[in-house]
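*Asks:* What follows is a protein structure lacking sequence information:
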Ligand SMILES: [Zn+2]
């Protein structure tokens, strides 16, 4: 069987060598061809079209019975229809399914390289230990789950190798849209890779153990579980104890091999739901994370003198302690050292899975069965998502998201009563007596982050990621928790729900769907599209692209019918063909339109799509990528602009709107500075000169000129400081009320906060008056300038926190969350929060979308 070196021409981990995707794929295909212990396939495509490779490795006998073992794993994890005796019998028969993935964070280069060595070892090693692994375990090995990123990172390394820029920061994201946030997408599942992985994890394989490899620790050589607090209470305690078992076995293996610098219960908690490892917990899977040091093929000497005395959590870097009993003393590390640590971690997981095979198989059933029982005995029993929604397609997308993640959702066949209230037929019901109850519950209920302090009365300790995320809130979905038992005729959804658009034809008639279809003849006339659904904007973008005439109704005329809401899109279908286009768009996007009558009724200015510029910094900015992704999902065309484009000026000739994603003014103005010093431990050099610098003074002047001459600048969160600090004029009277408060006075790490929206403001057309804003160390504005329009304010202190953690609510309460600031002939839309954070807050997307049309006067 081919060893990696024989195929690659070098050994994975060799200095200055990184295999790219085609080399890794080639190796796995050769291994597959040579071995009946290895089966390699593609589970789908990445965002940029590369294969998502899956290598299944076990004994040839197990692989011959693979369908049977997969079926056992699925049935145990899904619980339904199994008795306890059935589960014991299946656990006795089955094989432990262990998932090991690599390369998610492509800049953490060692894991994708070690995958080849690991595969070869598991397939060929004839030691008693490895035979036991092959007999008892089916390894589902994913050589790289971010193949696009692997090629970007390897290409950048090769391009800068032996130059003064070797190991410099890559100036773009290592996943097309979301870079490092590709490990924050596992409940939302927006990206192609995430969707493939969710399907593999929660539909196809249902592994008992998942091991996700990263590289981000120093001075310790590796972090291995157990994890530190805080603990997410939705995770079953048996899962937490199983993590400790696997982590303990790994830790012991490291010490028995004499590998020093291994730390546990440090930094990486289990609170956050959304990384591949943590979302697994909410599916009763034992999720393991390691963070290995030294993420480069360039050797580097880590000097003891650079080590801090203590880590942030007080663990000494030199004195042995329970969680760090064998501190690393520094020295030179090679890529091979990281590869070796990862191999030890992987083999430790496989060994403990082989030894506890039956126990892990029964365990996933046991936890699932217990969760079903909790759903029957504990409140809430269910969540009802009624059809009366402000944005019904967004509610359907929420249900789809739950289902993609393996959640069970039902539909009510008839009206029913729960907690004394009547719900319509067609309501979606998320029963909590389901095996993945933790997953469903966690996306519907508010998170209450514990008040973690550095010491009694000390400063708050931020969460590892965000503190609260309640997806139903973020998406503006009305979901009602049902506290008591109820009876309803329910049918389990097999397919993702879709919302059929409706065209209403009479001023007072609200048709049912069948009626609407009968009336939805392609009749020319004036149609009003309800802007409360985000999909209305996608429909309008399609219609504008097809050349239809669209206006926006700023106010409701006295003779208007029910479709005349603030900001309704008035679409004129002049011909049967245009009416057909409109009908199709309405149906496809699941939105509501009213046929008002003949076009002569209308006297509103036409709109056209704004010419949108989206700023991209050479300090790769994930918020920029997410903005791109959201714009594309709803059919907004945009042009990416870099420093040079902005500095060239004349922006009004090319653009109507310029979007500045959240990024500090310093990063925007200066970018990578020529005198930049290292920002991380390990090999590092400054970026090539063409990627140094920001928009600078000339770019800032061009931005001011753009707005002054009539352009619209949209600034998210940190980027709003750019206008406040550097634009002068009206901005001298706009301040951020919370930025400079100390953390004991005001503190709000990633949380969901309530805002009150002025739905009469054009920037807020289509919004509900009450919305959830994603706040992450964000901004609350104050101004005494009467020309500034307040579009949204933070709610009163007692109602402000919806999910997460907030200290000093009174400091933010009533402050402006979104300001529309006139500046010269143009304006700046100043967002205090993140309206598009990680593609999740569908409830605030419209605050961005409304800014992306302009009057088509004279064009
Ligand atoms: Zn990572």
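*Replies:* Now that the structure is in, tell me what you want to look at. Computed from a predicted model, the values in this text were never measured in an experiment.
*Asks:* Run through the stretch 551-700 of the chain and note the low-pLDDT ranges.
*Replies:* Across the stretch 551-700 of the chain, the ranges flagged by pLDDT under 70 are 555-563, 597-603.
*Asks:* can you check the chain too?
*Replies:* Flagging of the chain using pLDDT under 70 yields the residue ranges 506-522, 555-563, 597-603, 858-859.
*Asks:* can you list the residues of it near the ion?
*Replies:* Within the chain, the residues that sit near the ion (C-beta under 5 Å from the ion) are 105, 108, 214. Every C-beta, even on glycine, is put in place using the N, C-alpha and C of the backbone.
*Asks:* Buried members of those residues into ChimeraX, please.
*Replies:* One line in ChimeraX is enough to select the buried ones among the residues of the chain next to the ion; burial here means 16 or more other C-beta atoms under 10 Å:
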select :105,108,214
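*Asks:* In the stretch 1-150 of the chain, which residue sits nearest the ion?
*Replies:* Nearest to the ion, among the residues of the stretch 1-150 of the chain, is residue 105, at 3.4 Å (C-beta to the ion).
*Asks:* wait, isn't that residue in contact with residue 178?
*Replies:* No - counting by C-beta atoms under 8 Å, residue 105 stays clear of residue 178, with 11.5 Å between them.
*Asks:* Mind jotting down where the helices sit in the stretch 601-750 of the chain?
*Replies:* Using DSSP state H, counting those that start in this stretch, the helices of the stretch 601-750 of the chain run over 622-633, 643-647, 651-654, 665-670, 696-708, 720-726.
*Asks:* Could I get those in CSV, plus columns for mean neighbour count?
*Replies:* Shown next, in CSV, are the helices of the stretch 601-750 of the chain (neighbours: other C-beta atoms under 10 Å):
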stretch, mean neighbour count
helix 622-633, 22
helix 643-647, 19
helix 651-654, 16
helix 665-670, 20
helix 696-708, 19
helix 720-726, 22
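*Asks:* Quick one: these as CSV, columns for distance to residue 356 too.
*Replies:* Output for the helices of the stretch 601-750 of the chain, formatted as CSV (distance: least, C-beta to C-beta, whole Å):
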stretch, distance to residue 356
helix 622-633, 38
helix 643-647, 55
helix 651-654, 62
helix 665-670, 48
helix 696-708, 59
helix 720-726, 52
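*Asks:* The residue in the stretch 501-650 of the chain positioned nearest to the ion: what's it in contact with?
*Replies:* Closest residue of the stretch 501-650 of the chain to the ion, C-beta to the ion: residue 622 (13.1 Å). For residue 622, the contacting residues are 173, 178-181, by C-beta atoms under 8 Å, 6 or more residues apart in numbering.
*Asks:* just the residues of the chain next to the ion now: which is nearest residue 744?
*Replies:* Closest approach to residue 744 among the residues of the chain next to the ion (C-beta to C-beta): residue 214, at 31.8 Å.
*Asks:* Need phi/psi at that closest one.
*Replies:* Main-chain torsions, residue 214, degrees, to the nearest 10: phi -130, psi 170.
*Asks:* give the contact list for it.
*Replies:* Taking C-beta under 8 Å, 6+ apart, we find residue 214 in contact with 104-105, 108, 111, 289-292.
*Asks:* Now it: closest residue in space that isn't a chain neighbour?
*Replies:* Nearest non-adjacent residue to residue 214, counting by C-beta to C-beta, 6 or more residues apart in numbering: residue 291, 4.8 Å away.
*Asks:* shouldn't the one you found be in contact with residue 223?
*Replies:* Yes - Residue 291 lies in contact with residue 223 (C-beta under 8 Å); the separation is 4.2 Å.
*Asks:* For these two, list the residues in contact with both.
*Replies:* Contacts common to residue 291 and residue 223, judged by C-beta under 8 Å, 6+ apart, are 217, 268.
*Asks:* Who has more neighbours out of the two?
*Replies:* Comparing residue 291 with residue 223 by neighbour count (other C-beta atoms under 10 Å), the higher total belongs to residue 223, at 24 against 21.
*Asks:* Could you give the bridge partners of the more buried one?
*Replies:* Beta-bridge pairing for residue 223 (DSSP bridges): residue 263, residue 291.
*Asks:* Kindly provide the distance from it to residue 632.
*Replies:* The gap separating residue 223 from residue 632 is 36 Å, by C-beta to C-beta, to the nearest Å.
*Asks:* so who does residue 154 touch?
*Replies:* By C-beta under 8 Å, 6+ apart, the residues touching residue 154 are 18-21, 109.
*Asks:* my read is it is in a helix, agree?
*Replies:* Yes - remark: residue 154 belongs to a helix, assigned using DSSP: H, G, I helix; E, B strand; the rest coil.
*Asks:* before we move on, back to that, of all the contacts of residue 214, which two lie farthest apart?
*Replies:* It's 104 and 292 that sit farthest apart of the contacts of residue 214, by C-beta to C-beta, at 13.3 Å.
*Asks:* So for these two, which sits in the more crowded spot?
*Replies:* A direct count of neighbours by other C-beta under 10 Å for residue 104 and residue 292 places residue 292 higher, at 29 against 26.
*Asks:* so who does the more buried one touch?
*Replies:* 108, 110-111, 213-215, 217, 221-222, 338, 341-342, 345.
*Asks:* would you list those residues in CSV and tack on secondary structure?
*Replies:* Below are the contacts of residue 292 laid out as CSV (three-state DSSP):
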residue, secondary structure
108, coil
110, helix
111, helix
213, strand
214, strand
215, coil
217, coil
221, coil
222, strand
338, helix
341, helix
342, helix
345, helix
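*Asks:* Let me know the closest of those residues to residue 67.
*Replies:* residue 213 (28.3 Å).
*Asks:* just checking, the closest one touches residue 109?
*Replies:* No - taking contacts as C-beta under 8 Å, residue 213 lies outside contact range of residue 109: 10.9 Å.
*Asks:* Which one of the two is surrounded by more residues?
*Replies:* Shown here are residue 213 and residue 109; by other C-beta under 10 Å, residue 213 has more neighbours (27 against 24).
*Asks:* Tell me what that one is bridged to.
*Replies:* Beta-bridge partners of residue 213, as defined by DSSP bridges: residue 290.
*Asks:* Right, I'll call it a day here.
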